[in-house]
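Participant: Coordinates for the following, if possible.
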Amino acid sequence: MNALTKKLSTAAATVALAIAGTSAFAEKWDMPMAYAATNFHSEMGVVFADKVREYTGGEIDITVHPGGSLFKGGEIKRAVQTGQAPIGERFMSAHANEAPLLGWDNVPFVAASYETNEKLWAAAKDKVNGQLADLNLVTLYTCPWPGQGFYFNKEVKTSDDTQGVKFRSYNTATATFAEELGMIPVQVEAAELSQALATGVAEAFISSGSTGYDRKVWEQLSHYYKVNAWHPRNYVMVNKGIWEGLSAETQAAMQKAADETGAACAAKSAELANWYFEQLEANGMQVEDASPEFLAELERIGAKMKEDWITAAGDDAQAILDAYAAN
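Facilitator: So this is what the prediction gives:
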């Protein structure tokens, strides 16, 4: 355990002990989430909160704050780590700069379906949760996004068409894709995406149909290319010190709620995947498979990114991929 982790854990434990004799914090938990209230991840956050309230007999009362309204997306992990919020949700690979292993779900073309993504998570889960524990976090549940594809405001057949395009990135993997394709990565949170597109700060991005639908990107962009590069995951995390301060009974009740919600969220994601494409088309966007030439370029970049990830994350990364391959 490093010095920062010790400091965070000690601070959280102190907070937990200080409030143990009162009901205010134990009963009222704020849960910041980064995506719009209408996004299925946020909707499932409300389902989770309701289940927790029911299964704990009202002991834990969670209020969900979607859309970065309590803490912006990039602030949520830190808020939970330090106990400013006991629980929250974030895009797991957003932390790959700090801990490369957390980019496990953004290795392109390794797990390009819901089924294979679930197998990859099974292979990665123990090591990833160990890494998060070192960051003073406990994972309650994760939920995959639909497969990732590219949004542009013009037709794109090869990387010749992407040179100089300002590309919204949200983690290391998306920034790498941008750079390899001759684009300019610009860090933009989901809640700020519409404004970034409207003002020209960003002109393209990679994401699922969900983000495009939520942000009504057809108002600025014209094309979506199906690539299915990966199925990234959001995760609901709780401060480790606060979690360890709960009774075993309360932990079990919350974990039951988490397990049920995670399964329902994954099913909802799969159910909505094609529906999002239909909505993009209904609003005037051209939705199609990436050209064979563009896809081949992306796969070459993906192979390089896989090797880079193994180098950055080390033996644990290779162990995850080996375990995944064995299944």
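
Participant: in this protein, which spans are strands?
Facilitator: Listed in chain order, the strands found in the chain under DSSP state E are 28-32, 61-65, 87-91, 137-144, 149-152, 166-169, 184-187, 204-207, 223-226, 233-239, 286-289.

Participant: need those in JSON lines with mean pLDDT, mean neighbour count and distance to Lys304, can you?
Facilitator: All C-beta spots, glycine's among them, are computed from the backbone N, C-alpha and C. JSON lines is the format used below for those (pLDDT from 0 to 100; neighbours: other C-beta atoms under 10 Å; distance: least, C-beta to C-beta, whole Å):
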{"stretch": "strand 28-32", "mean pLDDT": "98", "mean neighbour count": "20", "distance to Lys304": "35"}
{"stretch": "strand 61-65", "mean pLDDT": "98", "mean neighbour count": "18", "distance to Lys304": "39"}
{"stretch": "strand 87-91", "mean pLDDT": "96", "mean neighbour count": "28", "distance to Lys304": "23"}
{"stretch": "strand 137-144", "mean pLDDT": "98", "mean neighbour count": "22", "distance to Lys304": "24"}
{"stretch": "strand 149-152", "mean pLDDT": "97", "mean neighbour count": "23", "distance to Lys304": "18"}
{"stretch": "strand 166-169", "mean pLDDT": "95", "mean neighbour count": "23", "distance to Lys304": "17"}
{"stretch": "strand 184-187", "mean pLDDT": "95", "mean neighbour count": "16", "distance to Lys304": "16"}
{"stretch": "strand 204-207", "mean pLDDT": "96", "mean neighbour count": "25", "distance to Lys304": "16"}
{"stretch": "strand 223-226", "mean pLDDT": "98", "mean neighbour count": "20", "distance to Lys304": "20"}
{"stretch": "strand 233-239", "mean pLDDT": "98", "mean neighbour count": "26", "distance to Lys304": "23"}
{"stretch": "strand 286-289", "mean pLDDT": "98", "mean neighbour count": "14", "distance to Lys304": "22"}
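
Participant: How much space separates the residue nearest to Lys157 when sequence neighbours are not counted from Trp230?
Facilitator: Distance criterion C-beta to C-beta, 6 or more residues apart in numbering; nearest residue to Lys157, sequence neighbours excluded, is Ser291 at 4.9 Å. As judged by C-beta to C-beta, to the nearest Å, Ser291 and Trp230 stand 19 Å apart.

Participant: burial count for the residue nearest to Lys157?
Facilitator: For Ser291, the tally of surrounding residues (other C-beta atoms under 10 Å) stands at 15.

Participant: Need the pLDDT of it.
Facilitator: Residue-level confidence at Ser291 comes out at 97, pLDDT.

Participant: next one: phi and psi at it?
Facilitator: The phi/psi pair for Ser291 (degrees, to the nearest 10) reads phi -60, psi 150.
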